[in-house]
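K.L.:
Return a 3D structure for these sequence lines:
(chains A and B)
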2 protein chains.
Amino acid sequence: MSEINVQLKNGEPVLVPDSATVAEALKKLDRDLAKQALAARVGDREVDLTAQLDTLRPNGEAVQIEPIVPQTRDGLEVLRHSTAHLLAAAVLDLFPGTKLGIGPALLDDPRYGFFYDVITPRALTEADLSIIEKRMKQIASKNLAYRRDEIPKHEALRVFGERDEPLKCELIDEKAGDSVSVYYIDGSPFIDFCLGPHVPNTNKLRAFKLLSLAGAYWKGDASQQQMQRIYGTAFFTQEELDAWLKQREEAEKRDHRRLGRELDLFSIQEEYGQGLIFWHPKGGAIRKEMEDYLRHELLVRGYGLVFTPHIAKRELWFTSGHEHNYADSMFSPMEFEEQEFRIKPMNCPFHIGIYKSAQRSYRDLPLRYAELGAVYRAELSGTLHGLTRVRGFTQDDAHIFCTREMVRAEILGCIDFAFHLFEAFGFKDIKVELSVRGDDRSAYLGSDEDWERAEAALVDALNNKQIPYQRIEGEAVFYGPKIDIRIEDAIGRTWQLTTIQFDFNLPERFQLEYIGEDNKPHRPIMIHRALFGSMERFFGVLIEHYAGAFPMWLAPVQVAVLPITDRINDYAAELARELRAAGFRVEANLRSEKIGAKIRDAQLQKVPFMLVLGDREMEQKTVAVRERARGDIGVMPFAEFKEMARRLVETRALTNNNQTQEVQQ
Amino acid sequence: MSEINVQLKNGEPVLVPDSATVAEALKKLDRDLAKQALAARVGDREVDLTAQLDTLRPNGEAVQIEPIVPQTRDGLEVLRHSTAHLLAAAVLDLFPGTKLGIGPALLDDPRYGFFYDVITPRALTEADLSIIEKRMKQIASKNLAYRRDEIPKHEALRVFGERDEPLKCELIDEKAGDSVSVYYIDGSPFIDFCLGPHVPNTNKLRAFKLLSLAGAYWKGDASQQQMQRIYGTAFFTQEELDAWLKQREEAEKRDHRRLGRELDLFSIQEEYGQGLIFWHPKGGAIRKEMEDYLRHELLVRGYGLVFTPHIAKRELWFTSGHEHNYADSMFSPMEFEEQEFRIKPMNCPFHIGIYKSAQRSYRDLPLRYAELGAVYRAELSGTLHGLTRVRGFTQDDAHIFCTREMVRAEILGCIDFAFHLFEAFGFKDIKVELSVRGDDRSAYLGSDEDWERAEAALVDALNNKQIPYQRIEGEAVFYGPKIDIRIEDAIGRTWQLTTIQFDFNLPERFQLEYIGEDNKPHRPIMIHRALFGSMERFFGVLIEHYAGAFPMWLAPVQVAVLPITDRINDYAAELARELRAAGFRVEANLRSEKIGAKIRDAQLQKVPFMLVLGDREMEQKTVAVRERARGDIGVMPFAEFKEMARRLVETRALTNNNQTQEVQQ
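P.N.:
Alright, predicted model coming up:
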């Protein structure tokens, strides 16, 4: 029996028998780590702890082992994937004859942690979820082993065929090589075609929950079998799961689809088409504030506002490359007068059209074209979700054309702009990611020099502003590196909104030029940037962030005027008129209702201020002010209230507190 | 020989022989009128003066004759139509073998008064126009008679066949009854298939001019023969023609297509598609001002701003009726996921969607939904013209849903709004037209009661505001009566922009309801209204109205900062920054150029104010101000200029004069 050297990253090598498993080797290297480990990375492979070292070592060198542990992204993936297997095992136990589809871990979906698609002999109902979850817990407590095997393809097809798993056979047929990796949970009827890795045993799975049922098609294709998708999630500890479930409950309360309906902000109407947003007057009032503020900032920052068509001849999309790379996401062409037109999925080629409408000199640059551009994309109906995943949306889009020398300042300008905007809308926790090329250089357009310069400009800009950022290799788009900005909302969820992208592709395709100081033509640098990303999506995020209780400057109704009796109606109407003339959005409730009901109504509509008016207020031209979060804040002269309200709007205050107190003092 | 009674409207009857011509009868009734007359209306027919009375009188009653005289719309039509015949006669004379198409009068086209489509043996050039015009004058001076004949269809086909006029034969084949009306100009080779009426002789044609040549297709159909269209115009007097030509020359100087290019306001780019508008930053700056002002006014006037999708499922357009009545003007459907979608040609159904998203009570009404809605219409490429005839445009659209009782106030509100807007944009001469049903009641939807009430509300609103208006029978749309508003621009051309329309159709089709005070469902009244009509078209009108010299609040660049030497550049840049921070649109020209060149540049760009800066200005923190129309207006402290400029913008002053003088005093 021969031995081999194993070592942790940056650790000392240790000799173990080469028949040892990864777990045994880890135990020799670090007992604590070994206890925690869920799986491991050996070389460039992710493997089970039960894997034998001699099967993993292609040559005679020392083997580096990196355990995959809890509280890491990789660890979470192993945990959730293994829990999905556990789910399938429980379903097979309870519903013999079930056919299995696929069951992956989900790491980036804020709603779910994993799913398994199944066809059970009878259709499952929500009530079944707790029964299945209970069975999962029973199996987990038995501490059963996850076991991997490699068998020849024909053998695998026989095994899954015998178990009457036609979908698995189809997958093996399509995807497997000669040798097939399968996983068992010993002591359960479950077997899966799967690459792994998985936890060593069910004991590791202690904090999971099934969440919901949904319809799904085999392979996501509506012409294939219909299946049921069981969603669940899993965490490393019960505390984490509880915290997540609480956040989820909070998120459900804030669900922008529910609030959108209750507050009459927007609608989506099936008869008109899925994923198409109707902004109602109250949502429109908020959008107007968003747009006004954005356009003001754009002009201050030297952008030109442009407006471009929503359609263009098909030829354009060939020039831009969208017909080749993006056709699946575009609605089919329209015809007229023997020409074909496409509705635009992006604004870029149109801004390029303006750039090309005249000869440009280095003196004209940078040119910054900004547009609130409505684009349409053929998103699958199954992926649509409220305002956050739609088919038609309005990008706060801009394209900057500049020289290489100008790039750094432009990038800085974009980042500064984004931070400024998010702070104005009440987001404090802002994260930056820098996406650069992966190792396979052939997958990217543009010269090495371009990429290096561009990356240097991005890094330089970030360092200059002392902005911490995460660098992500291989996440750049094929046409250039980019910066993405994520914000964290009031209940700790993060949303990726801003993107600032270099583009080495379109300036080439459209042969863009400017005349340099040397009197010769040069290719400009083009930067795409969207800060909110999509007005619709950002609106969805805003609704959830504020749980519908918008700060004064954004609130669709800012003041509710509530007379206590009909006798006060004239006074109430007069105040409402005065407030409206001063630019406030006001509703006067002059109905013959009890004041309690009127207040409840305004409260449900999350109106920042209610003015409760009785005889005394009318006589003294005062108002009794109620703030939606704090209740009564006292009686004050009407003029004083107006001034306070004006200041809250003008300063775009995020809460109604500070200034109110100032005024009260 | 028997006699018959003839009479003028409200005149005494006079006996004439029934073989008398209309001209002879007129002479007996009123010698002066008879001299002026070009043709006449007898009963409900328009006829030549040479028509014999006995051919016109179906029964034995007195015949009422109404002469068609100069300086009337009908008179102009006869004059221009007759001039078109004269044109054809001249072409046939000069180019034997020419095939004739059609040659109507144009009364509403600001550019032309008539045309004739021809296929000449060799293609015509612009140089031919003066030759043809000369020949027209020669023929006219011969005082040749226009003569009408009625011949059997087969005879007409033979006559036109012999003359090798295949297009005329095609028309006769398609349109003529058994008997065909043909016109000659005696002593010329010309003969036409035409209903008339015409002037009695060429002597009446004294003020005409040929204007231009264009390509045209037979029947406007690109698959048919290509022809040449000769455009001309005609008036009653040389003075009128001269005035019109002068206005035309002025209009050409103001042509928004030329100014749009020179001032870098917008472009239309063939590669992207015809009739699609790109607003460049300078045009975008103006559009932003238009939008901001409009939206502010909308909110003040109690409209809700909505935003709706640009596409909808095809089914919707069946419900709305557009698939039946409007399909030719829509781009063809797009497909995705086995559904068909259409890009919207109108916003109405979307606003209806918002109305229907909740149950409405009479207390909720009126609901006024306003949107800057981009719509797309499949307009024939031959009809497109700059910004004023396009395929994609943005309506300043709104729909008002209200009860019958509210209609009058709503109409008043719309009219008031339109007047207010046009005055703000510098239009003083505003004309109102009221279009009501024609006699054929079956061509209209909605009950008599609806129509009468609606018309009464419109008339009532107009009278109440003491607004003079023209009432036009038979010009209502099939779904309701309407008010159109025209404005006159700086050179006296009128533009129809606003339309306020009742709609009895869509509330039925979409089954709109509100719950009345009686707790029962009722159908609301729906009013369509667009004030500017189209942002693009109104922009075109604005450009021409101001000849590109926009008032301060609209000017894309409001102030040009022009240092005399490089040594003043820092001071210039500082002033530019300060002005920008104060919200002005500023360009600082820091190039090493002569001040004369800088001023010329700014002048060409029609910048309202130029600040000319030298050593003295820098030392004293003053500015030497040049106003684009008046030249130097003196040196003043910078703060004073800023205050003056601020006031001009804030008051949306239409000229830079008054306030300037105030400040100078």
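
K.L.:
In contact with the closest residue to residue A:362 other than its chain neighbours, which residues?
P.N.:
Of all residues not flanking residue A:362 in the chain, residue A:516 sits nearest, at 5.1 Å (CB to CB, 6 or more residues apart in numbering or on different chains). C-beta coordinates here come from the backbone N, C-alpha and C atoms, glycine included. Residue A:516 sits next to A:362, A:403, A:522 when contact means CB atoms under 8 Å, 6 or more residues apart in numbering or on different chains.

K.L.:
which ones among those residues are found in strands?
P.N.:
Applying DSSP state E to those, the entries found in strands are residue A:522.

K.L.:
Please tabulate the contacts of residue A:516 in a markdown table and include pLDDT, neighbour count and distance to residue B:55 as additional columns.
P.N.:
Below are the contacts of residue A:516 laid out as a markdown table (pLDDT from 0 to 100; neighbours: other CB atoms under 10 Å in any protein chain shown; distance: CB to CB, whole Å):
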| residue | pLDDT | neighbour count | distance to residue B:55 |
| --- | --- | --- | --- |
| A:362 | 96 | 17 | 80 |
| A:403 | 95 | 17 | 82 |
| A:522 | 97 | 17 | 80 |
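
K.L.:
secondary structure class for residue A:157?
P.N.:
Assigned with DSSP: H, G, I helix; E, B strand; the rest coil, residue A:157 falls in the helix class.

K.L.:
Next one: it relative to residue B:195, how far apart?
P.N.:
Computed with CB to CB, to the nearest Å, the distance linking residue A:157 and residue B:195 is 84 Å.

K.L.:
who's more crowded, those two?
P.N.:
Ranked by neighbour count (other CB atoms under 10 Å in any protein chain shown), residue A:157 and residue B:195 place residue A:157 first, with 18 against 14.

K.L.:
Is the more buried one in contact with residue A:172, as I believe?
P.N.:
Yes: using CB atoms under 8 Å as the test, residue A:157 is close enough to residue A:172 to be in contact (5.9 Å).

K.L.:
Could I get the full set of strands for the stretch 401-550 of chain A?
P.N.:
Assigned by DSSP state E, counting those that start in this stretch, the stretch 401-550 of chain A shows strands spanning A:430-436, A:469-473, A:482-488, A:494-503, A:514-515, A:521-522, A:525-534.

K.L.:
Tell me the buried residues in the first one?
P.N.:
What that stands for is strand A:430-436. A:430, A:432-436 (16 or more other CB atoms under 10 Å in any protein chain shown).

K.L.:
Which one of those residues is nearest to residue B:390?
P.N.:
Within the buried residues of strand A:430-436, proximity to residue B:390 (CB to CB) peaks at residue A:435, which comes in at 40.3 Å.

K.L.:
who does that closest one bridge with?
P.N.:
residue A:472, residue A:482 (DSSP bridges).

K.L.:
How much space separates it from chain B?
P.N.:
For residue A:435, the distance to chain B equals 30 Å [CB to the nearest CB, to the nearest Å].

K.L.:
can you pull the contacts of that residue?
P.N.:
By CB under 8 Å, 6+ apart, the contact set of residue A:435 is A:472, A:474-477, A:481-484.

K.L.:
With residue A:98 instead?
P.N.:
Contacts of residue A:98 (CB under 8 Å, 6+ apart): A:91-92, A:118-121.

K.L.:
host element of the closest residue in space to residue A:129 that isn't next to it in sequence?
P.N.:
Once flanking residues are discounted, residue A:129 sits nearest to residue A:210: 4.4 Å by CB to CB, 6+ apart. Assigned by DSSP states H and E, residue A:210 belongs to strand A:207-217.

K.L.:
Quick one: list the elements packing against that strand.
P.N.:
Applying 3 or more CB pairs under 8 Å, 6 or more residues apart in numbering or on different chains; DSSP states H and E, one finds that strand A:207-217 contacts helix A:73-94, helix A:126-141, strand A:226-235, helix A:238-254.

K.L.:
interface residues of the stretch 551-665 of chain A facing chain B?
P.N.:
The stretch 551-665 of chain A comes close to chain B at residues A:580-581, A:585, A:591, as judged by CB under 8 Å from any CB of the partner chain.

K.L.:
Between the contacts of residue A:516, which sits nearest chain B?
P.N.:
Nearest to chain B out of those is residue A:362 (CB to the nearest CB; 12.6 Å).

K.L.:
Please verify my assumption that that closest one contacts residue A:513.
P.N.:
No: using CB under 8 Å, residue A:362 makes no contact with residue A:513, being 10.8 Å away.

K.L.:
intersection of neighbour lists for the two?
P.N.:
Common neighbours of residue A:362 and residue A:513 (CB under 8 Å, 6+ apart) are residue A:522.

K.L.:
What subset of the residues of the stretch 551-665 of chain A next to chain B is buried?
P.N.:
A:580, A:585.

K.L.:
Give me the subset of the residues of the stretch 551-665 of chain A next to chain B lying in strands.
P.N.:
Counting by DSSP E, these place none of their members in strands.

K.L.:
Please tabulate the residues of the stretch 551-665 of chain A next to chain B in a markdown table and include pLDDT as additional columns.
P.N.:
What follows is those, written out as a markdown table (pLDDT from 0 to 100):
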| residue | pLDDT |
| --- | --- |
| A:580 | 93 |
| A:581 | 91 |
| A:585 | 96 |
| A:591 | 93 |
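
K.L.:
Pull the most distant pair out of the residues of the stretch 551-665 of chain A next to chain B.
P.N.:
Taking CB to CB as the measure, these have their most distant pair in A:581 and A:591, spaced 23.0 Å apart.

K.L.:
of all the strands of the stretch 401-550 of chain A, which gets the most neighbours per residue?
P.N.:
strand A:525-534 (a mean of 24; mean count of other CB atoms under 10 Å in any protein chain shown).

K.L.:
is it anywhere near chain B?
P.N.:
No: Strand A:525-534 does not reach chain B (CB under 8 Å from any CB); its nearest approach is 12.7 Å.

K.L.:
what about that strand, distance to the chain center?
P.N.:
Shown here is strand A:525-534, whose average C-alpha point lies 17 Å from the average C-alpha point of the whole chain (CA atoms, centre = their mean, to the nearest Å).

K.L.:
coming back round to it: so of the residues of the stretch 551-665 of chain A next to chain B, which ones are in helices?
P.N.:
A:580-581 (DSSP state H).

K.L.:
Give me the phi and psi angles of residue A:344.
P.N.:
phi -80, psi 140 (degrees, to the nearest 10).

K.L.:
now the residue lying closest to residue A:200 once chain neighbours are set aside: how far from residue A:535?
P.N.:
Of all residues not flanking residue A:200 in the chain, residue A:49 sits nearest, at 4.8 Å (CB to CB, 6+ apart). Applying CB to CB, the value for residue A:49 to residue A:535 is 49 Å.

K.L.:
ok, now how distant is residue A:572 from residue B:600?
P.N.:
61 Å.

K.L.:
neighbour count winner among those two?
P.N.:
residue A:572 (23 against 12).

K.L.:
I figured that one hits residue A:560, correct?
P.N.:
No: taking contacts as CB under 8 Å, residue A:572 lies outside contact range of residue A:560: 10.1 Å.
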